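# let's see this in three dimensions:
(one chain, ligands or ions: 1)
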Amino acid sequence: MGCLAMSKPGTRELLADLVAFNTVSRESNLALINYVRDYLAGFGVNSQILLDESGQKANLLAVIGPQDKAGIVLSGHTDVVPVDGQRWHSSPFILHEADGRLYGRGTADMKSWLAAVLALVPHLVTRPLRQPVWLAFSHDEEVGCKGVPGLLAHVDNLPVLPAVCIVGEPTEMRPILGHKGKIALRCEVTGHASHSAYTPQGVNAIEYAVRIIQRLMALAEQLQLQQNIAFDPPFSTLQTGVIRGGEALNIVPAHCQFDFEIRMLPGVEVQPMLDQLAAWCQRELLPQMRRVSPDCAITFSPLSHYPGLQTANSAAIDEVLALLPPPDALHTVAFGTEGGLFQQHGIPTLVCGPGSMAQGHKPDEFISLQQLAECDDFLLRLCHWLQTV
Ligand SMILES: [Zn+2]
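Have a look, this model is predicted:
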């Protein structure tokens, strides 16, 4: 009933509303989720709100069209990266237009996609769709794709699995068919302190950490052997990014921890390599350390993990690609998305959305009006396609 009375705000008005919600990952996203739920309800569309265990974050899942058909998922994350320490020329949470661009946190990554999807809803509800559209809005993507598994648990239980998922991360509306996966780990080395004049009585945690890092550097070289020219760089990479240890120069350091990450090509399995590394630490390093002090230890703990994406071949993917400009030569991106997780759950997935990641995560993040218009046009073509397939 509400549909006729409901006005139809455009993508730009919706974007202004979405940007005004401060959904930096450490904040609750519930106000934005409730706004989306109310907006959808205005068009007679019910939402499932999937709260996390804290009750402060939620995913939203909604469907328009016949649920006994496969259909398509339009997916995006609701959280944004912080603005701390960044110099903005306008308020990051107030949409600001200048020179054909709209400025604000999340305009590129990725509230413009969410706004365009919401602006499509009035069209979707009045058209005779033969395939459904699922709206999948997640929380906590920017801190390691933590929200979307809860959403996928619900998707797994659908009577018919969607045939395509589009993750609308900013690609300037070019279809992207792959990205690397990532695993980040923390290694903690516990040695034994002593006066630095008596180094043999201590176990130097920094020096053992260095030996592990050297081992990692050798693994990084091994990873280069397997190449895929669709990616830049064309191999899996590994690096140590943070290290902390030691108290003072005259104390043998008892503690050192470092964080490292592997960005792996889709299909490259790194767990065996990590298991071998841990086994090497147990076999080679720990006995030496424990000869001096039995309480020495080396532990590895995961910080975050998401799988890579290599878009599966399918007829439905081909049909969606036909609605888009052709992929460029590389057709991959360096950044990660939730796409690999959707595909792991059996839904062929591609990444395509308005704006450019060149503006993502930066001060004065923006989307061009041109990109916004291209996204609206694509979604209208998609709406038409869903009436014919
Ligand atoms: Zn993003």
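# near the ion, which residues of the chain?
Residues of the chain lying near the ion by Cβ under 5 Å from the ion: 109, 110, 169. Every C-beta, even on glycine, is put in place using the N, C-alpha and C of the backbone.
# please pick the buried ones from these.
Among the residues of the chain next to the ion, those classed as buried by neighbour count (16 or more other Cβ atoms under 10 Å) are 109, 110, 169.
# the strands in the stretch 51-200 of the chain, which residues?
Secondary structure of the stretch 51-200 of the chain (DSSP state E, counting those that start in this stretch): strands located at 58-64, 72-77, 96-98, 101-103, 133-138, 164-167, 178-179, 181-190, 194-195.
# starting at the chain centroid, how far to the last one?
The offset between the C-alpha centroid of strand 194-195 and the centroid of the whole chain comes to 45 Å, using Cα atoms, centre = their mean, to the nearest Å.
# from the contact counts, what lies against it?
strand 251-252 (3 or more Cβ pairs under 8 Å, 6 or more residues apart in numbering; DSSP states H and E).
# quickly run through the sheet partners of the strand it packs on, with directions.
Strand pairing for strand 251-252, using DSSP bridges, gives strand 194-195 (antiparallel).
# ok and the residue in the chain nearest the ion?
Going by Cβ to the ion, the ion is nearest to residue 109 of the chain, at 4.1 Å.
# does that residue touch residue 360 like I think?
Yes. Residue 109 is within contact range of residue 360, at 3.6 Å (criterion: Cβ atoms under 8 Å).
# need the overlap of contacts for those two.
Both residue 109 and residue 360 are in contact with 81, 170, where contact means Cβ atoms under 8 Å, 6 or more residues apart in numbering.
# ok, and what's touching stretch 301-310?
143-146, 177-186, 188, 259, 264-268, 336-341, 343-344, 349, 351.
# how does it look with 6 Å?
144-145, 178-186, 266, 336, 339-340, 343-344 (Cβ atoms under 6 Å, 6 or more residues apart in numbering).
# what's the PyMOL syntax to select whichever of those are buried?
In PyMOL, selecting the buried portion of those, with burial taken from 16+ other Cβ under 10 Å, looks like this:
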select buried, resi 144+145+178+179+180+181+182+183+184+185+266+336+339+340+343
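# related to what we said a few turns ago, same list (the residues of the chain next to the ion) but as JSON lines, adding pLDDT.
Converted to JSON lines, the residues of the chain next to the ion look like this (pLDDT from 0 to 100):
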{"residue": "109", "pLDDT": "96"}
{"residue": "110", "pLDDT": "97"}
{"residue": "169", "pLDDT": "97"}
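# got those as TSV, with distance to residue 323 columns?
Compiled in TSV, the residues of the chain next to the ion are given as follows (distance: Cβ to Cβ, whole Å):
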residue	distance to residue 323
109	23
110	20
169	18
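# any idea which of those residues is closest to residue 21?
residue 110 (13.7 Å; Cβ to Cβ).
# what is the neighbour count of the nearest residue to residue 178 once chain neighbours are set aside?
Sequence neighbours aside, residue 332 is the residue nearest to residue 178 in space, at 4.2 Å (criterion: Cβ to Cβ, 6 or more residues apart in numbering). Using other Cβ atoms under 10 Å, residue 332 has 25 other residues around it.
# got it, and residue 323?
Neighbours of residue 323 under the rule other Cβ under 10 Å: 16.
# confirm residue 244 sits in a strand?
Yes. Per DSSP: H, G, I helix; E, B strand; the rest coil, residue 244 lies within a strand segment.
# what about it, how many neighbours?
Neighbour count for residue 244, taken as other Cβ under 10 Å: 12.
# check contacts around it.
Counting by Cβ under 6 Å, 6+ apart, residue 244 makes contact with residue 257.
# return the subset of the buried ones among the residues of the chain next to the ion lying in helices.
Residues of those located in helices (DSSP state H): none.
# name the nearest of these relative to residue 245.
For those, with residue 245 as the reference and Cβ to Cβ as the criterion, the closest is residue 109, at 34.2 Å.
# which SSE is the closest residue to residue 296 other than its chain neighbours in?
In this structure, residue 296 finds its nearest non-sequential neighbour in residue 289, 3.7 Å apart by Cβ to Cβ, 6+ apart. Element membership for residue 289 (DSSP states H and E) is helix 286-292.
# got a list of contacts for whichever strand or helix holds residue 370?
Using DSSP H and E, residue 370 sits within helix 369-388. For helix 369-388, contacts defined as Cβ under 6 Å, 6+ apart pick out 11, 100, 112, 116, 120, 123-124, 127-129, 131, 173, 323, 354-355.
# need the max-distance pair from these.
Spatially, the most separated pair among the contacts of helix 369-388 is 100 and 128, at 36.2 Å (Cβ to Cβ).
# what about the nearest residue to residue 26 once chain neighbours are set aside, how many residues close to it?
Leaving aside its sequence neighbours, residue 26 sits nearest to residue 82 (Cβ to Cβ, 6+ apart; 7.4 Å). For residue 82, the neighbour count with other Cβ under 10 Å is 15.
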